[in-house]
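[1] After the sequence you'll find the predicted model.
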Amino acid sequence: MPTSLDIVQEAACGEHGHPLSSAMQTDWAVQLDLIDVFAASRDTLTELQQSAPSRRCHDWLQGIIDTRCMVAAVTGVPF
């Protein structure tokens with residue numbers, strides 16, 4: 001069983017790094033930098049998600065969308 005330190009060290013390198021690390025220096029990353037994922041419309045996030053360069057980038061954006069949906073459900077602020 002890995003320790004928490006083992007998990008952190010493994011996450012700091014290779015494929016287990018940040019989900020967006022594989023998208024650095026791409027046009028997709030430039031588009032992502034131009035928006036605020038916590039204020040962008042659902043359509044904007046969905047379009048960006050559909051053009052994601054990898055499954056990990058797609059899944060990362062799905063997490064943002066899911067979080068925005070939960071916040072909308074709790075606060076009543078539409079998303």
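    That came through fine.
[2] can you tell me which residues contact the spatially most central residue of the chain?
    Nearest to the mean C-alpha position of the chain, by Cα atoms, centre = their mean, lies residue 60 at 2.8 Å. Residue 60 is in contact with 19, 20, counting by Cβ atoms under 8 Å, 6 or more residues apart in numbering. (Glycine included, C-beta is placed from N, CA and C.)
[3] Look up the pLDDT of it for me, please.
    Residue 60 is assigned 90 on the pLDDT scale.
[4] buried residues in the biggest helix by length in the chain?
    In the chain, taking DSSP state H as the definition, the longest helix is helix 55-75. Neighbour-count burial for helix 55-75, counted by 16 or more other Cβ atoms under 10 Å, picks out 56, 57, 60, 61, 65, 68.
[5] Identify, from the residues you listed, the entry nearest to residue 25.
    Of all the buried residues of helix 55-75, the one with the least separation from residue 25 (Cβ to Cβ) is residue 57, at 13.2 Å.
[6] In three-state terms, how would residue 49 be classified?
    Here residue 49 is helix, with the state taken from DSSP: H, G, I helix; E, B strand; the rest coil.
[7] Would you quantify the distance from it to residue 1?
    34 Å (Cβ to Cβ, to the nearest Å).
[8] So for the two, which residue has more residues nearby?
    residue 49 (16 against 3; other Cβ atoms under 10 Å).
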